[in-house]
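Student: Need a 3D model of the following:
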Amino acid sequence: MDWQEIIFKFVGGLGIFLFGIKYMSDGLQKTAGDKMRGLLAKYTSNPLLGVLVGIIVTILIQTSTGTTVMAIGLINAGLMTLRQGIGVILGANIGTTMTAFIVGIKIEEYALPIIGVGAVLLFFINKKRVQYIGQVIFGFGTLFLGLSTMGGGLKPLRSLPEFTDFIVDLSHTPILGVFVGTVFTMIVQSSSATIGILQTIADEGMIQLKGALPVLFGDNIGTTITAVLASIGASVAAKRAALVHVIFNVLGTILFVLALDIVYEVVMWMGEDVNIRMQIAYAHGFFNVTNTLIFLPFVSVLAWIVTKLIPMKEQELEFRPKYLDIRLLANPSIALGQAQHEIIRMGNLARETLNDASSFFFKRDSKTANLALQKEQLVNELDRKITDYMVKIHQNGLTEGESEVASGLMHTINDIERIGDHAENIVELTEFSINNKVEFSVEAERDLKLMLEAADHTLTRALYALEHNDKEAASDTLKGEAELDRMELEFRKAHIARLNQNLCTGNSGAIFLDILSNLERVGDHSKNIAQYVLRDE
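Tutor: Numbering: from 1, shown residues only. Okay, the predicted model is just below:
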């Protein structure tokens, strides 16, 4: 037996198969556009809708891992609640069965012409959309080429007594099958790949359906490792979502292993006349659909369990407006007042974002950076929601004076949103300095600390002036902005002098000057808010 050929064909075939799945998935994502994340965030108002969206997105991008990681990212950003995320994760498990059904279609002999068609679309047509479709077709053909290569490499194992004995053990010991499926999927980090390998082995007659089922169930446990890895360093809610994914698949596997004989009979009834690859696809679909139906009514219970298991407390951000009530639109004057309350809340969040960015620069705490970025996303969300609300207020009619106030507030919303952007820029500049081990001189850090404090004071006075219509606070803001301009000029000159004396590196100089510029712009936007308050003078 030529072990080199077996290993080379298996490893190479697996690589081609994984490349095919990834390349097809990337093409599908590009073809579907960049709206998948938005779709997840927008249309998951309840767990059932979350399941449907999870199914659709996973079918479109052909990776449950991608959908699950996106969901965890949205939960981490606060744009999706834990309960919504659970629904999406359940739906992703159903959507991923589509890959097993694709593999179930035995078209290996057509793999090369399919790749050829994809290559023509990719390399000979200039239209981007056609190229993306070519990428999908190319990946689709490569997937089957990988399966064919793996199958050819594994064929000789049928005559190896040790391998056949191991398969017999798998058939008689379901727990061993679950373990093998779990560990292998953890290593490969793709349940689609391990299920594809299982389908190939079964198609070569090396394992029967009943022995393949526990391995299939283990694959579903192993795929949770990616979600767990994605949650490392994320928020508590994201960690809880990853734990739900683990609990869901582990409990489902236990139930299905206990009912293995019944599951086998159901799968045989569903696909008695199809090849074993398609039977495994049926089993995969049956597992995930049934598991979802069992656990969907208990989404709240699952959320409660993981909250108890991961009880850590952290700042919870409420990613929705607090004061914008559509029922008040019938009375535009009151609605305008509510909008102003929401704008003040938005402004305070922008100020907190700036403070968190400042803290991240000096303390290098990644949790603070994550919190700053979450708050900046909330500022962006409030920008959209408040603007929509203000447009509706205008449509319901305002007096001339109220219309002038509303127009001023619209400009203020934009100024606050831009302050959030500048805080985000500071976080990104700090991350760059950390990743590139950029060191700052004591003088540079002292100057930045002074200017950050001045920017915070100026913004605080501007928001106070806006909330209380305080002319004195508005005047203080104008003085603060002028001081920020002076500081920016003075510190810039001082830093250039340090650079000329080789007391600071070029990288640190660029970052320092960019942070100064962002803080100076925070002062400009604070000044705009103050000038709105002083508009009558």
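
Student: Flag every buried residue along the host helix or strand of residue 423.
Tutor: Assigned by DSSP states H and E, residue 423 falls within helix 400-435. Within helix 400-435, the residues that count as buried by 16 or more other CB atoms under 10 Å are 405-406, 408-410, 412-413, 415-427, 429-430, 433. For the C-beta atoms, the positions are set from N, CA and C on the backbone; glycine is no exception.

Student: what about that helix, average pLDDT?
Tutor: The average pLDDT for helix 400-435 rounds to 90.

Student: From residue 366, how far out is residue 311?
Tutor: Between residue 311 and residue 366 the distance is 22 Å, computed by CB to CB, to the nearest Å.

Student: Kindly report the same for residue 6.
Tutor: Using CB to CB, residue 6 is found at 45 Å from residue 366.

Student: Same drill for these two, tell me which one is more crowded.
Tutor: Between residue 6 and residue 366, residue 6 has the larger neighbour count (other CB atoms under 10 Å), namely 17 against 11.

Student: Remind me what the host helix or strand of residue 200 packs against, helices and strands.
Tutor: Using DSSP H and E, residue 200 maps to helix 191-203. Contacts defined by 3 or more CB pairs under 8 Å, 6 or more residues apart in numbering; DSSP states H and E place helix 191-203 against helix 3-32, helix 97-104, helix 128-154, helix 174-188, helix 209-222, helix 276-295.

Student: residue boundaries of the helices in the stretch 251-400 of the chain?
Tutor: 260-270, 276-295, 299-309, 332-363, 366-395, 400-435 (DSSP state H, counting those that start in this stretch).

Student: and of those, who's closest to residue 151?
Tutor: Each of the helices of the stretch 251-400 of the chain has some distance to residue 151 by CB to CB; the shortest is helix 276-295, at 10.4 Å.

Student: Run the angle between the closest one and helix 128-154 for me.
Tutor: Per axes from the mean of the first three to the mean of the last three CA atoms, to 10 degrees, the angle that helix 276-295 makes with helix 128-154 is 110 degrees.

Student: Contacts made by helix 276-295 with the rest, please.
Tutor: 51, 90-91, 93-94, 96-97, 100-101, 103-106, 195, 198-200, 202-203, 209, 212-213, 216-217, 220, 248-249, 251-252, 255-256, 263, 266-268, 270-271, 274, 302 (CB atoms under 8 Å, 6 or more residues apart in numbering).

Student: list the buried ones in it?
Tutor: In terms of neighbour count (16+ other CB under 10 Å), helix 276-295 has its buried residues at 276-288, 290-292, 295.

Student: Let's test this: name the helix or strand in the protein with the lowest mean pLDDT.
Tutor: helix 36-42 (a mean of 59; mean pLDDT, DSSP states H and E).

Student: which is the next helix or strand following that helix?
Tutor: Once helix 36-42 ends, the next helix or strand along the chain (criterion: DSSP H and E) is helix 47-61.

Student: Mind giving me the packing neighbours of that following helix?
Tutor: Other helices and strands packing on helix 47-61, by 3+ CB pairs under 8 Å, 6+ apart, are helix 3-32, helix 36-42, helix 64-77, helix 82-95.

Student: dump the residue contacts of residue 391.
Tutor: Residue 391 neighbours (CB under 8 Å, 6+ apart): none.

Student: where does residue 439 land in three-state SS?
Tutor: Under the three-state scheme (DSSP: H, G, I helix; E, B strand; the rest coil), residue 439 adopts coil.

Student: Give me the spatial nearest neighbour of it, chain neighbours excluded.
Tutor: Excluding its sequence neighbours, the residue lying closest to residue 439 (CB to CB, 6 or more residues apart in numbering) is residue 508, at 6.3 Å.

Student: Distance from the chain centre to the strand or helix carrying that neighbour, please.
Tutor: Element membership for residue 508 (DSSP H and E) is helix 506-533. Taking CA atoms, centre = their mean, to the nearest Å, one finds the center of helix 506-533 at 30 Å from the center of the full chain.

Student: Stretch 132-146 too?
Tutor: Taking CA atoms, centre = their mean, the mean C-alpha location of stretch 132-146 is offset from the chain mean by 25 Å.

Student: do stretch 427-434 as well
Tutor: Put simply, stretch 427-434 sits 21 Å off its chain's centre (CA atoms, centre = their mean).

Student: ok, residues contacting that stretch?
Tutor: With contact meaning CB under 8 Å, 6+ apart, stretch 427-434 is reached by 356-357, 360-361, 364, 369, 372-373, 376, 438, 440, 507-508, 511, 514-515, 518.

Student: Then stretch 143-158?
Tutor: 1-2, 5-10, 12-21, 24, 102-103, 107-108, 110-112, 114-115, 163-164, 196-197, 199-201, 203-206.

Student: Could you verify my assumption that residue 86 touches residue 299?
Tutor: Yes - contact criterion CB atoms under 8 Å: residue 86 and residue 299 qualify, at 5.0 Å.

Student: Between these two, which contacts overlap?
Tutor: Shared contacts of residue 86 and residue 299 (CB under 8 Å, 6+ apart): residue 47.

Student: In terms of packing, which of these two has more residues around it?
Tutor: Set residue 86 next to residue 299 and count neighbours by other CB under 10 Å: residue 86 wins out with 31 against 22.

Student: which ones are touching the more buried one?
Tutor: Taking CB under 8 Å, 6+ apart, we find residue 86 in contact with 47, 50, 241, 244, 299, 302, 303.

Student: can you check residue 534 too?
Tutor: Residues in contact with residue 534 (CB under 8 Å, 6+ apart) are 471, 474, 475, 478.

Student: Can you tell me which of the residues you listed are buried?
Tutor: 474, 475, 478.

Student: Against residue 528, how distant is the second one?
Tutor: The reference is to residue 475. 14 Å.

Student: do the same with the first one
Tutor: Residue 474 sits 11 Å away from residue 528, going by CB to CB.

Student: now residue 334
Tutor: Counting by CB to CB, the gap from residue 334 to residue 528 is 26 Å.

Student: chain center to stretch 483-491, what's the gap?
Tutor: In terms of CA atoms, centre = their mean, the centre of stretch 483-491 is set 39 Å apart from its chain centre.

Student: Verify the contact between residue 439 and residue 512 for me.
Tutor: No - Residue 439 lies out of contact with residue 512 (CB under 8 Å); the separation is 11.2 Å.

Student: of those two, who's got more company?
Tutor: Taking residue 439 and residue 512 together and counting by other CB under 10 Å, residue 512 has the greater number of neighbours (26 against 11).
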